[in-house]
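Visitor: Any chance you can model this:
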Amino acid sequence: MTILRSYKFPNGFSLRQILKFASAANQFQSQVSFASDGYLFNSKGVLGMVLFFSQFPRTEEIQLIIEGTDANEATTILESILYAGSTFSVGTKS
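Guide: Numbering: from 1, shown residues only. Sure thing, here's the model as predicted:
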């Protein structure tokens, strides 16, 4: 199953949120990625996430892509982390 969500981060994405997100993402077998403006990266790594979020304007929409057998469970947990500092903007694509 593939789940796609889009977010905006008007307040940025703090290092604390990145650490928490990457740690949680690593608990799942599913591939967890962020994408924006033609760039796609594995969001299970802290360094990649820091570099990714430092390159995009806060007004730009960023997609979260979760693919795998535990995608629904991963989405529930990871969205709870994202909601702490983001604005949910687009629905699911399965």
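
Visitor: burial of the nearest residue to N42 once chain neighbours are set aside, as a residue count?
Guide: Leaving aside its chain neighbours, N42 sits nearest to S33 (5.8 Å; criterion: C-beta to C-beta, 6 or more residues apart in numbering). C-beta: built from backbone N, CA, C; applies to glycine. As a burial measure, S33 scores 18 neighbours (other C-beta atoms under 10 Å).

Visitor: what's S33 in contact with, if anything?
Guide: By C-beta atoms under 8 Å, 6 or more residues apart in numbering, the contact set of S33 is 40-43, 64-67.

Visitor: So what pairs up with the residue nearest in space to the middle of the chain in the strands?
Guide: In the chain, the residue lying closest to the centroid (C-alpha atoms, centre = their mean) is L64, at 4.3 Å. Beta-bridge partners of L64, counted by DSSP bridges, are R5, F34.

Visitor: How much space separates I62 from F9?
Guide: 7 Å (C-beta to C-beta, to the nearest Å).

Visitor: shouldn't N26 be in contact with K44?
Guide: Yes. Counting by C-beta atoms under 8 Å, N26 touches K44, with 5.0 Å between them.

Visitor: if I look at the residue nearest to N42, how far off is I77?
Guide: Separation of S33 from I77 (C-beta to C-beta) stands at 16 Å.
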